[in-house]
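**Q** dropping the sequence and predicted coords here.
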Amino acid sequence: MPIFCYNEFGPMEQEFIAYPTVRGVAYAERTIPETFPPHWHNDAEFTVILKEGSRYKIGDTVYKPAAGDILLVWPRELHELLHMPKGGAAFIQFSSSLIESNTDLFAASRFLNACHLIQAKKNPALAKKIAALVSKIRAAREQKYFVESRSKILASEILVLVGDHVMKEYSQQIAGKIFSDRSWAYIRAACAYIAEHSSEDISQSEVAQKIGLSPYYFSKLFNEYTKTAFPAYLANIRVQRAITLLADPARSITDCAYEAGFQSTTTFNKLFHELTGTSPREYRKLQSRNK
């Protein structure tokens, strides 16, 4: 599940994205460089291709999108801009919290993260809708009031469009297997319960009981849908909660750890570094510097 930052990123540079105009959402067009080295960040990056000749690398795959295509880079994915013609694209970057604070989107992360290219030739209506919403995010910056809210609503609309597209394709591919509306309802209920009670000492058996499944079947279903073990999923939720708490300078890092649901600061520091690529203390410094 690419939503996690694994150690194989090692020497690759992590980019910390500043949001000088709108907190949590950025738009760029004229400032896109011709090339950019391998890197990753905790934010999503969706690119509208405007000219032929672009080349991207996401993970181990090289993409050569056509004009009108939409390229999707998900949070904490290693990617590289191999070539971009001048004026060849426009893109938005937005905080992973837009995905991770919504349980239905977060539950579908496994499926979303497998989608990196929406081709205009194959899905013209969808590509046009996403491009139009990206343009609206650019225009929203000129509004006098509620620029942040407008931008985040538009970014969420894009996520829902991509989500509908991905889930429809996936359900058709494995129809009759484990995927069904009923099993998906169980997963959404489980993710909602985990998000609501993540600061408590909850277990996989407790979640299974709350949604009406046996621990064995819930474990099997949860792993199949999310491609993530329950402890890792819960840890990610808690780290995201801690990131939100760290934004308050009045809270100590220890308080943030315990309020997020961690039982020890050692575990918190270890998992925080695994998931974000930095320590809580350094993360707070970098976020403060970006502001």
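**A** Received it, and whenever you're ready, just let me know what you need. Every value quoted in this text rests on a predicted model; they were computed, and no experiment measured them.
**Q** now do the strands in the stretch 101-250 of the chain.
**A** Here the stretch 101-250 of the chain has its strands, by DSSP state E, counting those that start in this stretch, at 117-118.
**Q** low-confidence stretches in it?
**A** Counting by pLDDT under 70, the stretch 101-250 of the chain shows low-confidence ranges at 172-179.
**Q** so which residues of it form helices?
**A** 103-107, 109-112, 124-140, 147-173, 181-197, 204-211, 215-226, 230-246 (DSSP state H, counting those that start in this stretch).
**Q** now those helices in JSON lines, with distance to Leu81 and mean neighbour count?
**A** No exception for glycine: its C-beta is placed from N, CA and C like everyone else's. Output for these, formatted as JSON lines (distance: least, CB to CB, whole Å; neighbours: other CB atoms under 10 Å):
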{"stretch": "helix 103-107", "distance to Leu81": "26", "mean neighbour count": "20"}
{"stretch": "helix 109-112", "distance to Leu81": "21", "mean neighbour count": "22"}
{"stretch": "helix 124-140", "distance to Leu81": "17", "mean neighbour count": "17"}
{"stretch": "helix 147-173", "distance to Leu81": "20", "mean neighbour count": "17"}
{"stretch": "helix 181-197", "distance to Leu81": "33", "mean neighbour count": "17"}
{"stretch": "helix 204-211", "distance to Leu81": "40", "mean neighbour count": "17"}
{"stretch": "helix 215-226", "distance to Leu81": "30", "mean neighbour count": "17"}
{"stretch": "helix 230-246", "distance to Leu81": "26", "mean neighbour count": "21"}
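**Q** out of those helices, nearest to Gly68?
**A** helix 124-140 (5.6 Å; CB to CB).
**Q** who's in contact with the closest residue to Phe230 other than its chain neighbours?
**A** Once flanking residues are discounted, Phe230 sits nearest to Gln204: 4.2 Å by CB to CB, 6 or more residues apart in numbering. Each residue near Gln204 by CB atoms under 8 Å, 6 or more residues apart in numbering is listed here: 215, 218-219, 222, 230-231.
**Q** ok, Ser198 next?
**A** Contacts of Ser198 (CB under 8 Å, 6+ apart): 234, 237-238, 241, 260-261.
**Q** try 7 Å this time
**A** Neighbour list for Ser198: 234, 237-238, 241, 261 [criterion: CB atoms under 7 Å, 6 or more residues apart in numbering].
**Q** please report how far it lies from Glu259.
**A** According to CB to CB, to the nearest Å, Ser198 and Glu259 sit 11 Å apart.
**Q** any idea of the pLDDT on Met12?
**A** Met12 is assigned 49 on the pLDDT scale.
**Q** again but with Gly24, I slipped
**A** For Gly24, the pLDDT comes out at 89.
**Q** kindly list the main-chain dihedrals of it?
**A** As for Gly24, its main-chain torsions (degrees, to the nearest 10) stand at phi 90, psi -10.
**Q** neighbours around the residue lying closest to it once chain neighbours are set aside, how many?
**A** Closest residue to Gly24 in three dimensions, ignoring its sequence neighbours and counting by CB to CB, 6+ apart: Ser95, at 4.2 Å. Using other CB atoms under 10 Å, Ser95 has 21 other residues around it.
**Q** Ser95 contacts Ala26, correct?
**A** No: with contact defined as CB atoms under 7 Å, Ser95 does not count as touching Ala26 (9.5 Å).
**Q** domain ranges for the protein, per the record?
**A** What the record gives for the chain is the domain set 7-173, 181-290, from automatic domain parsing.
**Q** residues contacting Val22?
**A** Val22 sits next to 141, 147-148, 151 when contact means CB under 7 Å, 6+ apart.
**Q** again, only using 8 Å
**A** Each residue near Val22 by CB under 8 Å, 6+ apart is listed here: 140-141, 147-148, 151.
**Q** tell me who's in contact with the spatially closest residue to Glu200 that is not a sequence neighbour.
**A** Spatial nearest neighbour of Glu200, excluding adjacent residues (CB to CB, 6+ apart): Gly261 at 6.7 Å. Residues in contact with Gly261 (CB under 8 Å, 6+ apart) are 198-201, 234, 238, 241.
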